[in-house]
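1. here is my input, please return the structure:
(one chain, ligands or ions: 1)
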Amino acid sequence: MTAADGGRGVAADPRTAALTFAGVGLRYPGGTRALDGIDLSVAPGEFVSVVGPSGCGKSSLLRIAAGLQAPTAGTVTGRGESVGYVFQDATLLPWRSVRANVELFGELRGLGREERRKRAAEALDLVGLADVAGHRPRTLSGGMRMRVSLARSLTLRPGLFLLDEPFGTLDEITRERLDDDLLALFAARRFAALFVTHSVLEAVYLSSRVVVLSPGPGRVVGEFDVPFDYPRPAGLRFDPEAARLAALVSACMRGAAAP
Ligand SMILES: Nc1ncnc2c1ncn2[C@@H]1O[C@H](COP(=O)(O)OP(=O)(O)OP(=O)(O)O)[C@@H](O)[C@H]1O
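-> From the prediction side, this is the model:
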């Protein structure tokens, strides 16, 4: 259950999981084998991060989870009706106001105008952007745009959030701030989350469990439960126990990357 068990975390029970991969493999049409034999479950209210060397199949795994890519082996189950997606690009519509962007998913779902407005206002409040609801996306910073993207998904009240390096292109301070925002949202809404990142420290700071993939084709080579309660104190970034755990995860990743 902890780092002391050498990277064998406790997987979620597939019967009650928010998301389960069973024997999932992916071979792209050109022949690249991206994933092989992935068994992984995310429990309701669990925050799972996936780390691994570049090209090991992390984004492919997220795309399969999102239903954007079909696996060529195995099955994916448990995706409920309401899944939130946040990818590296905020993909906002430039001609719409922030509020209208945040209302978009509700519109696509066929929610009534009043309900959409209410949910958008609530979500913008949660991410601290109520003041710029009438602005166009181009007037916002990169970090604010990612917040709008988060808010847009929050309007669906997702039971599962899929996040692929959402803050990867942002500077360190903005990224840390958004990590804190995400943690606050997680504490408030307690969705299940599958989060892809290159940063082991970010993974430990945010997650209840960190999963390590091998070089491609990605296989699960380590799982680490993170033994810190939510809400997490900002000081956890500098906590020696967190640093020790991050070192273990890194070592597992380096071991996996060894020839
Ligand atoms: N659409 C595609 N068609 C063919 N091959 C692909 C496609 N997308 C990804 N790949 C290949 O699949 C493998 C896994 O790619 P993927 O983007 O999932 O890895 P990743 O771990 O997210 O990489 P990174 O950390 O660099 O973002 C790589 O070898 C990549 O070249």
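2. switch to C-alpha atoms for all contacts and neighbour counts from now on
-> OK.
3. quick one: the helices in the stretch 1-150 of the chain?
-> 58-65, 98-109, 113-126, 142-154 (DSSP state H, counting those that start in this stretch).
4. which residues sit against the second one?
-> Taking C-alpha atoms under 8 Å, 6 or more residues apart in numbering as the criterion, the residues outside helix 98-109 that touch it are 92-93, 116-117, 119-121, 124, 132-137, 148-149, 151-153, 155-156.
5. filter the residues you listed to the buried ones?
-> 92, 116-117, 119-121, 124, 132-133, 136-137, 148-149, 151-153, 155-156 (16 or more other C-alpha atoms under 10 Å).
6. how much space between Phe228 and Ser82?
-> 28 Å (C-alpha to C-alpha, to the nearest Å).
7. would you agree Leu156 is in contact with Gly110?
-> No: taking C-alpha atoms under 8 Å as the definition, Leu156 is not a contact partner of Gly110, at 11.3 Å.
8. buried stuff in stretch 91-98?
-> Buried residues in stretch 91-98, counted by 16+ other C-alpha under 10 Å: Leu92, Ser97, Val98.
9. would you put the C-alpha positions of it in PDB?
-> This file holds the C-alpha atoms of stretch 91-98, laid out as PDB (Å, rounded to 0.1, in the frame of the first residue of the first chain):
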ATOM      1  CA  THR A  91      -9.500  24.400 -27.200                       C
ATOM      2  CA  LEU A  92     -11.700  27.400 -26.500                       C
ATOM      3  CA  LEU A  93     -13.800  29.000 -29.200                       C
ATOM      4  CA  PRO A  94     -12.300  32.500 -29.800                       C
ATOM      5  CA  TRP A  95     -15.500  34.200 -30.900                       C
ATOM      6  CA  ARG A  96     -17.400  33.200 -27.700                       C
ATOM      7  CA  SER A  97     -17.100  34.800 -24.300                       C
ATOM      8  CA  VAL A  98     -15.600  32.900 -21.400                       C
END
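10. ok, the buried residues of stretch 91-98 vs the ligand, which is closest?
-> Leu92 (21.5 Å; C-alpha to the nearest ligand atom).
11. now do the same contact list for that closest one.
-> Per C-alpha under 8 Å, 6+ apart, neighbours of Leu92: Asn101, Pro137, Arg145, Ser149.
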